[in-house]
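Chemist: Please work out how this folds:
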Amino acid sequence: MENQKLENLLNLSLSVSEVEREKSSQLSTGFLTDSRKWELIVKYNGDLSRMQSELIQVEELIAGYAIVTLPENLIDAFAALDEVEYVEKPKRLYFATLQGKRASCIPEVTVRDPFLTGKGVLVAVIDSGIDYENPEFRNRDGETRIQYLWDQTLVPSETIGFPPAGFSEGVEFDKAKIDEALRSNMPETMVPSFDTSKHGTAVAAIAAAGGNLMDGRFEGVAPESELIVVKLGSPLPDSFPRTTQLMRALTYVVKKAVEIGKPVAINLSFGNTYGSHEPCN
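Modeler: Residues are numbered from 1 along each chain as shown. The predicted structure follows:
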């Protein structure tokens with residue numbers, strides 16, 4: 001009969017052979033092959049320190065939890081203690097980017113028919129800018145996938161450039177200018193646009209990283225898409241953009257998509273505090 005103080009997954013892990021357990025990363029997590037012991041999470045009350053010995057290691061944590069390491073044949077006896085309320089095995093942690101696409105059902109349309117990669121589609125990122133030198137936003141030949149980058153925070157000048165047609169603030173860089181900068185020894189002097197917070201770069205990577213690093217493990221949702229990036233302007237240092245700058249950005253992106261003649265998906269990871277701030281009753 002299964003021990004009612006043990007979680008179901010732990011009971012299952014203990015019920016199968018070690019050979020079978022090793023075939024599953026879920027079942028084997030927590031079993032320390034070197035010491036032949038289990039590392040377990042224990043919810044308890046009172047004091048567990050009395051159980052500390054050469055065979056059993058007890059690390060009392062906060063909020064009534066402890067990490068206990070002990071041989072497999074002592075688990076049932078340990079769980080039977082009055083102080084022990086519940087025992088579970090640890091779980092593996094993963095980089096969220098490695099699991100996000102699977103959780104969002106992206107592989108169903110990317111690794112099998114219809115094999116969608118974002119090719120022929122524009123991804124617009126309206127955010128804090130982008131690290132345009134990052135290999136994830138470049139083709140295999142080194143050229144950028146960014147078709148346009150409008151940095152609203154820059155001051156227009158003969159040296160670095162001017163705003164997009166119809167707008168009065170910031171500087172626009174096209175693909176040709178970005179590629180020229182990437183081929184130079186000092187790209188920042190030609191395209192002096194920086195993503196200081198890295199938020200926009202992270203958002204763009206989730207949406208469109210090309211998978212050029214880490215053997216493709218960080219490939220974005222649309223790795224073959226092209227990008228239009230708008231770095232929203234900030235009226236004062238360490239402050240946030242205005243809705244008027246956002247409206248300009250949306251207009252710019254839509255007009256560029258029409259000009260290029262491709263569909264566009266727009267990502268905007270900004271919010272606001274509109275609405276009532278009254279506490280709930």
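Chemist: mind listing the strands for this protein?
Modeler: 31-32, 37-44, 57-60, 65-71, 84-88, 122-127, 146-151, 171-174, 226-231, 264-268 (DSSP state E).
Chemist: what separates the fifth one from the chain centre, distance-wise?
Modeler: The gap between the average C-alpha position of strand 84-88 and the chain average comes to 32 Å, counting by Cα atoms, centre = their mean, to the nearest Å.
Chemist: what angle separates it from strand 37-44?
Modeler: Strand 84-88 and strand 37-44 are oriented at 140 degrees to each other (axes from the mean of the first three to the mean of the last three Cα atoms, to 10 degrees).
Chemist: Now do the buried residues in strand 84-88.
Modeler: Buried residues in strand 84-88, counted by 16 or more other Cβ atoms under 10 Å: 84, 87-88. C-beta: built from backbone N, CA, C; applies to glycine.
Chemist: now swap in the longest one and tell me
Modeler: Buried residues in strand 37-44, counted by 16+ other Cβ under 10 Å: 37-42, 44.
Chemist: Just send those back as a markdown table, with pLDDT and distance to F115 too.
Modeler: Formatted as a markdown table, the buried residues of strand 37-44 follow (pLDDT from 0 to 100; distance: Cβ to Cβ, whole Å):
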| residue | pLDDT | distance to F115 |
| --- | --- | --- |
| K37 | 95 | 46 |
| W38 | 95 | 43 |
| E39 | 96 | 42 |
| L40 | 96 | 44 |
| I41 | 96 | 42 |
| V42 | 96 | 47 |
| Y44 | 96 | 52 |
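Chemist: For my notes, please list those residues in a markdown table and give distance to S225 for each entry.
Modeler: Formatted as a markdown table, the buried residues of strand 37-44 follow (distance: Cβ to Cβ, whole Å):
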| residue | distance to S225 |
| --- | --- |
| K37 | 49 |
| W38 | 46 |
| E39 | 43 |
| L40 | 45 |
| I41 | 42 |
| V42 | 48 |
| Y44 | 51 |
